[in-house]
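# Need the 3D shape of this:
(3 chains)
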Amino acid sequence: MPELAELRLTADYINQEAQNRVFYSVKKNPVHKGKEVEIQFRGFTISAESRGKELMLTLTQFNSSHQVKLLMTMGMSGYFKWVDVGVLSKHSHLRFQSENGSLDFVDVRRFGKWKLAEDWSEDRGPDPTQQFQDFVRNIKNNLHKKDFDKPICEVLMNQKWFNGIGNYLRAEILYRADINPFMSAREALTKHNSIFSLCRTIPETAYMLGGGELKDWKNPFQFDTIEDVKLGWEEFMKCYGKPGMSTMIDNNGKGRRFWYDPKWNYGEDQDWCHYSGMPSPTAYLKQK
DNA sequence: CGTCCACGTCTAC
DNA sequence: TAGACCTGGACGG
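Below you'll find the model as predicted:
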């Protein structure tokens, strides 16, 4: 899915399109198993904010302070798109209707979710770009926990500590950090402060470049995307999906393909990466 | 035609 | 820690 950068761009896009518009209803596509969004008022404005891989929509009754908050995730393929009256896109699953058109949540694979919620999910950490100090504190105060026994390549996808980091961002962060990605997260985060700053700067860069030119995600500002930006993205992606890089299936959930610098395959039967038990790709795979 | 793969969680054994 | 949840594009026979 969209990762941190794409979620921030989605929030920006919603704020831009919803500005100076009044909406009157929310319609759910019947094919989607999610809950209906019942709004007890007609005539509302929409604003959006992202935090890691979550998106908070605030629907405010027009000329009132009455609000409803909708907490969303985008799954693997979710994005927002403004569509003119009468246009119905196949994979639109939530439609925020106004007189002149609608703001649609489009999600081919339907992994995206929504629910009414007053606040961000408790089991997800602060945003590494927008709440950097909190993000660092949250990890440093908890480094003693068992989660951090695991290799840094795996822990970087744990949304409790690295909210917003997904499969391409972890690859790009660890590639730049230039550390053995199979060492324990505790050791990596203790010895290599650069990981913290990379967790801010890499997603920030991806955000400034307009997000991933990846299969399922549409850049909301696609009409502003110029050739320079595409070239910029090509320069930015140094590891994920690149020829010559190594991959392995990790231990996250169903198993995700981890992209890393092949230099870390060297000497994998030795103990030089200092992580007891999981010093190398081979040892890591044996652990499974 | 079929199998594999994709920017992510969830939950059931 | 496997599946489950989904669609569709790429590629093989």
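# Could you tell me how far the residue of the stretch 51-200 of chain A found nearest DNA strand B is located from A:Lys230?
Residue nearest to DNA strand B within the stretch 51-200 of chain A: A:Gly166 (2.2 Å; CB to the nearest atom of the strand). To be clear about C-beta, it is placed using only N, CA and C from the backbone, and glycine gets the same treatment. Remark: distance between A:Gly166 and A:Lys230 (CB to CB, to the nearest Å) = 21 Å.
# which one of those two has more residues nearby?
Per other CB atoms under 10 Å, whichever of A:Gly166 and A:Lys230 has more neighbours is A:Gly166, with 25 against 14.
# For that one, list the residues it contacts.
For A:Gly166, the contact set (CB atoms under 8 Å, 6 or more residues apart in numbering) comprises A:Met1, A:Pro2, A:Glu3, A:Leu4, A:Lys53, A:Met157.
# Which one (most neighbours) among the residues you listed?
A:Leu4 (30 neighbours).
# my read: A:Lys115 touches A:Leu70, true?
Yes - with contacts counted by CB atoms under 8 Å, A:Lys115 reaches A:Leu70, the gap being 7.4 Å.
# between these two, which one's more packed in?
Neighbours were counted for A:Lys115 and for A:Leu70 using other CB under 10 Å; A:Leu70 has more, 21 against 13.
# and that one, which of the three is it?
Following DSSP: H, G, I helix; E, B strand; the rest coil, we place A:Leu70 in the strand state.
# Find the nearest non-adjacent residue to the residue sitting nearest the centre point of chain A, please.
What sits nearest the mean C-alpha location of chain A, by CA atoms, centre = their mean, is A:Glu3, with 2.1 Å. Leaving aside its sequence neighbours, A:Glu3 sits nearest to A:Gly166 (CB to CB, 6 or more residues apart in numbering; 3.6 Å).
# Report pLDDT for that neighbour.
Reported pLDDT at A:Gly166 in the predicted model: 97.
# Quick check: phi and psi at A:Ile46.
phi -130, psi 130 (degrees, to the nearest 10).
# Looks like it contacts A:Ile14 (just checking).
Yes - the pair A:Ile46 / A:Ile14 is scored as a contact, 6.5 Å apart, by CB under 8 Å.
# who touches both of these two?
A:Leu57, A:Leu103.
# residues in chain A within reach of DNA strand C, list them.
A:33, A:76, A:90-91, A:108-111, A:215, A:251, A:253-255, A:288 (CB under 7 Å from any atom of the strand).
# Between which two of the residues you listed is the distance greatest?
Maximum pairwise distance among the residues of chain A next to DNA strand C (CB to CB): 38.6 Å, between A:Lys90 and A:Lys288.
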